[in-house]
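**Student:** below: sequence and its predicted model.
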Amino acid sequence: MAAEGWWVPGRGWDDDDDDEGEGAPAPAWVPAFFTGLIVTGSLRQAVAEAGIDFDTAWALREAEPEFAMYWDRALRLHAAIKAGVPYFDAVAAVEAESLH
């Protein structure tokens with residue numbers, strides 16, 4: 001299911017050691033999945049939006065720690081927005097939190 005190496009948002013899978021980040025593209029459903037999580041906060045709705053099933057998303061989460069990290073960030077972003085934090089402020093807060 002998952003490629004060797006690690007998933008780089010916007011670049012895909014990076015499984016070489018050349019530091020160019022030119023890995024194979026992430027699965028096509030990934031952007032829709034994360035968008036669904038951010039907008040709805042619902043895993044059920046996110047997998048439906050992405051056109052995949054729960055097992056596909058969960059397998060990638062289990063196989064790729066970085067994918068799991070971005071999954072968690074998407075849910076934190078949803079929670080912040082739902083609490084009334086403006087989008088760009090929410091993004092900045094979630095990014096700052098991830099640096100610590």
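**Tutor:** Perfect, I can see it now. Source: prediction; values computed, not measured.

**Student:** list the contacts for Ile81?
**Tutor:** Applying CB atoms under 8 Å, 6 or more residues apart in numbering, we find Ile81 in contact with Ile38, Tyr87, Ala90. Yep, even glycine has a C-beta here, placed from its N, CA and C like the rest.

**Student:** going on from the strand or helix carrying it, what's the next piece of helix or strand?
**Tutor:** Element membership for Ile81, per DSSP states H and E: helix 65-82. Using DSSP H and E, the helix or strand that follows helix 65-82 in sequence is helix 87-98.

**Student:** list the buried residues for that following helix?
**Tutor:** Ala90, Val91, Val94 (16 or more other CB atoms under 10 Å).

**Student:** so it versus helix 65-82, what angle?
**Tutor:** 140 degrees (axes from the mean of the first three to the mean of the last three CA atoms, to 10 degrees).

**Student:** what about Ala50, neighbour count?
**Tutor:** 21 (other CB atoms under 10 Å).

**Student:** who's in contact with it?
**Tutor:** Trp29, Val30, Ala32, Phe33, Gly36, Ala57.

**Student:** how deep is His32 tucked in, by neighbour count?
**Tutor:** Careful, residue 32 is Ala and not His. Counted with other CB under 10 Å, residues neighbouring Ala32 total 16.
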